[in-house]
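S.K.: Everything below, folded, please.
(chains A and B)
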Amino acid sequence: MSKSIRIWDLKGRILVIAEKPKAAKKIASALSPTHTMKRIGSITIYEVDSYSSSIIIASSVGHLYQLHTSLRGYPVYSYEWIPLHLADPSKKYIREYLEVLGKLCRGVDYYVNACDYDIEGSVIGYLIIKFNGDERKAFRARFSSLTIEELRKAFNNLTRLDYEMIEAGLCRHELDWIWGINVSRALMKAVEDAVGEKIILSAGRVQTPTLKYVVDKVIERNLFIPLPQYNINITVEKNGEKIRLEYTGNPVEKERDARNIVEKIRGYKYLIVSKVEKKHHILHPPPPFNLGDLQKEAARLYGFSPAETQSIAEQLYLDALISYPRTNSQKLPPTLDYRRILGNISSIKSYRNLVESLISETKGVLTPVEGEKEDPAHPAIYPTGVVPGRLTEKQWAIYDLIVKRFLAVFAPPAKIVHYVVKAATPSHEYVFETKGQVIEEYGWLKYYNFHNYHAGKIPVLKEGELLNIVKATVSESYTKPPKRLTKTDLLRWMESVEIGTEATRAQIIEKLFERKYLYQHRKSSGIDVSEIGFGVVEILEKFFPDLLSVELTRKFEKEMDNIRSGVKKRSEVLEEARRVLTELLGKFDRNRIEAGKQLALRLKIIQNTRKCRVSSCYREGVVNGLCSHHANAVKLVREYYSEWGRRKDITFNEYIDKLRKSKLTGKWVKEVIESELT
DNA sequence: GCAAGGTC
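M.R.: Residues are numbered from 1 along each chain as shown, chains lettered A, B, ... in the order given. Below is the predicted model:
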């Protein structure tokens, strides 16, 4: 049945189900400007009557059902959908929505699933109709934005229920559930069997690759050995003004080479300006915010965690100050009345001048820039124009970012000059330079004033000019370890490999902290991995390697596509997953006590009889009494000595002493220096 | 109790 149908052709009572209250309201407005509003308890529903039908628009609040099992132990493959408030007491507001929807479902002739048009929306509406109504009398409305035009089109082109999407969505839920629940239970049971303690551990398709990403970075840092390198610094003079130039060949690897270069330079009295280059760049405004971009900016400017920014944005949304924040889109709805919003914003004192300036600068022609990213259900984040009442300092900070970003998207580009001045020795053997950038026109930077561009000056130098050398020196520096990751780095990584969603990424990062796999490093904004964090990754690497890589997500996505295109059935995909898991869990069981002991060691519940010789280490000694990481550190310290020797005259003992005193040396390297090499 | 996903 590919034929579509108009909602107005249905006779009798029709229930339209939206994904959330705000969407229900927009749908009601699109169906009829004269719709009526009714309250049942604390819930609002809308009614639209025609001569032959009565349409009720009601809303869900996201998922109302959750997968659940009453069985203990693993492997467990039997589960059912139960109301969310029964599974999670913190969600008790769900109950009232479910009661209202249940009652409405039982009193109508037709159903329309008008949840967001994606696999989750298909599941949300389907389960409500399946458990409370009659899916044979159900239709689907398909729209990609909540504008009046799109909505009207969707309700004039209702199709049958989209079973391909529903099946794909149900399958995604079930796959995540059987992988997550079974492997989490296996980890917990292992510890319990080994040492009799109940500790909450978990693993999953999104959280585990994220943990593994941090673990790999921390291993790299902990094993880091800095290398010396040499910079040549030169100061020249012009009209009594001193200018510092950088050697274009910096850094130099060998100390002797650097000293030789400086000796030669000192033999010359002056440098010749060989090139003066000015490049004009146009810097276009950034696109309007999606949630990820907002989280990154709030972290960069105010140090807010992604979860905190999300929570504040949700509060602003519920106060109607901003549009829906859980969006990936960098595009504004073309039908939005930008002029009206700007007018309202200008009544806020701190924005009046900015808005006036924007209107005059653009001559009232408001064309927003947009980014590449899209979202099937929502546009980019924008201020609604509702004037805020009292806001906390943090709420104000987020609101201010959103308003200023919204202003900036209409503003003209900024103009920047990049300059490079090069000067060489008379032999042209050695070339030095000074670079910088200067703002010519502020453009959008005036509205979104959160960038460090300076209106500095360009040094006035001409090609062929001579510059007296006043100083030439060598300075020693060291290669730097990779930076500690922050929560924002994790969020950015999750976005880049496309795991998790706008709504869940920040929560999943927090979950890794709740499990105590990760913790905040004391003296920096960075993240460190705990012993149990390392331990869980090591055990999973051994028994459930699929869970550590983002490839599992890619595999799920392919299976969802197969289901949507009819190539595979949900039951086949689940059958395959059960087969794989049963085998892996079986192998795990045969090694469960040993795995449990390894985890218990890291939890410091038991002591290792064959502990690594490094006193602070809880891992097992496997190579000459050292754990694999510390053994690796010893090997690296020896290997790096030859590279240090090539760069600089130094004895082994002096080298070890340098590493011990340097802040750049990795933690495990320092530990083996203390216990093994002194 | 354990996942990941939606939204107040």
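S.K.: Would you mind giving both backbone torsions of A:Gln520?
M.R.: Dihedral pair for A:Gln520: phi -80, psi 130, per degrees, to the nearest 10.
S.K.: Repeat that for A:Val123.
M.R.: Dihedral angles (degrees, to the nearest 10) for A:Val123: phi -70, psi -40.
S.K.: Identify the residue nearest it in space, chain neighbours excluded?
M.R.: Distances taken as CB to CB, 6 or more residues apart in numbering place A:Gly169 nearest to A:Val123, at 3.7 Å, with adjacent residues excluded. For the C-beta atoms, the positions are set from N, CA and C on the backbone; glycine is no exception.
S.K.: Also A:Asn449?
M.R.: A:Lys404 (7.2 Å).
S.K.: Quick check: that neighbour touching A:Leu445?
M.R.: No. Counting by CB atoms under 8 Å, A:Lys404 stays clear of A:Leu445, with 10.6 Å between them.
S.K.: hmm, back to that, tell me the pLDDT at the residue nearest to A:Asn449?
M.R.: Note on A:Lys404: pLDDT of 97.
S.K.: got it, and A:Gly456?
M.R.: 65.
S.K.: returning to that earlier point: residues touching the residue nearest to A:Asn449, list them.
M.R.: Applying CB atoms under 8 Å, 6 or more residues apart in numbering to A:Lys404 gives the contacts A:Leu354, A:Tyr447, A:Tyr448, A:Asn449, A:Phe450.
S.K.: Stretch A:363-378 spans what distance, first to last residue?
M.R.: 29 Å (CA to CA, to the nearest Å).
S.K.: do it and DNA strand B meet?
M.R.: Yes. Counting by CB under 7 Å from any atom of the strand, DNA strand B has neighbours in stretch A:363-378: A:Ala377.
S.K.: Centre of the chain to that stretch, how far?
M.R.: When C-alpha coordinates are averaged (CA atoms, centre = their mean, to the nearest Å), stretch A:363-378 and its chain have centres 21 Å apart.
S.K.: thought A:Thr208 was touching A:Glu541?
M.R.: No. Applying CB under 8 Å as the test, A:Thr208 and A:Glu541 come out as separate, 10.2 Å apart.
S.K.: Do a quick rundown of the helices in the stretch 501-650 of chain A.
M.R.: A:505-514, A:531-543, A:551-564, A:570-590, A:592-602, A:628-647 (DSSP state H, counting those that start in this stretch).
S.K.: Pull the number of nearby residues for A:Ser662.
M.R.: Counted by other CB atoms under 10 Å, the residues lying close to A:Ser662 total 15.
S.K.: excluding its backbone neighbours, what's nearest it?
M.R.: Closest to A:Ser662 by CB to CB, 6+ apart is A:Pro226, at 5.8 Å.
S.K.: DNA strand B versus the one you found, what's the distance?
M.R.: Using CB to the nearest atom of the strand, to the nearest Å, A:Pro226 is found at 36 Å from DNA strand B.
S.K.: Can you name the residues of the stretch 1-150 of chain A that neighbour DNA strand B?
M.R.: Taking CB under 7 Å from any atom of the strand as the contact definition, the stretch 1-150 of chain A meets DNA strand B at A:19-22, A:61-64, A:66-69, A:72-73, A:84, A:91, A:93-94, A:116, A:118, A:120, A:124.
S.K.: got the contact list for A:Arg152?
M.R.: Contacts for A:Arg152 (CB under 8 Å, 6+ apart) come out as A:Ala30, A:Leu31.
S.K.: Tell me if A:Ile200 really is in a strand.
M.R.: No. Assigned with DSSP: H, G, I helix; E, B strand; the rest coil, A:Ile200 falls outside any strand and is coil.
S.K.: what's the spacing between A:Arg140 and DNA strand B?
M.R.: In terms of CB to the nearest atom of the strand, A:Arg140 sits 17 Å off from DNA strand B.
S.K.: does that residue have beta-bridge partners, and which?
M.R.: A:Asn113, A:Thr159 (DSSP bridges).
S.K.: Repeat that for A:Val417.
M.R.: A:His280, A:Val438.
S.K.: Look through chain A and tell me its longest helix.
M.R.: Ranked by residue count and defined by DSSP state H, the top helix of chain A is helix A:163-195.
S.K.: got the angle between that helix and helix A:592-602?
M.R.: Between helix A:163-195 and helix A:592-602, the angle comes out at 80 degrees (axes from the mean of the first three to the mean of the last three CA atoms, to 10 degrees).
S.K.: Can you name every helix or strand that helix A:163-195 contacts?
M.R.: strand A:65-68, helix A:119-132, helix A:531-543, helix A:551-564, helix A:570-590, helix A:592-602 (3 or more CB pairs under 8 Å, 6 or more residues apart in numbering; DSSP states H and E).
S.K.: who's in contact with A:Asp49?
M.R.: A:Ile55 are the contacts of A:Asp49 under CB under 8 Å, 6+ apart.
S.K.: actually A:Ser42, not the one I typed
M.R.: Neighbours of A:Ser42 in contact, by CB under 8 Å, 6+ apart: A:Glu96.
S.K.: Next one: it relative to DNA strand B, how far apart?
M.R.: Taken as CB to the nearest atom of the strand, the span from A:Ser42 to DNA strand B is 10 Å.
S.K.: Then A:Asp528?
M.R.: 20 Å.
S.K.: try A:Thr34
M.R.: 24 Å.
S.K.: got a list of what that residue touches?
M.R.: Contacts of A:Thr34 by CB under 8 Å, 6+ apart are A:Val48.
S.K.: can you check A:Tyr46 too?
M.R.: Contacts of A:Tyr46 by CB under 8 Å, 6+ apart are A:Ala24, A:Lys25, A:Ile27, A:Ala28, A:His35, A:Thr36, A:Met37, A:Lys38, A:Ile56, A:Ile57, A:Ala58.
S.K.: May I ask you to confirm that it belongs to a strand?
M.R.: Yes. Checked against three-state DSSP, A:Tyr46 lies within a strand.
S.K.: distance of the closest residue to it other than its chain neighbours from A:Val48?
M.R.: Counting by CB to CB, 6+ apart, A:Tyr46 lies nearest to A:Ala28, which is 3.5 Å off, once chain neighbours are set aside. A:Ala28 is 7 Å from A:Val48, where distance means CB to CB, to the nearest Å.
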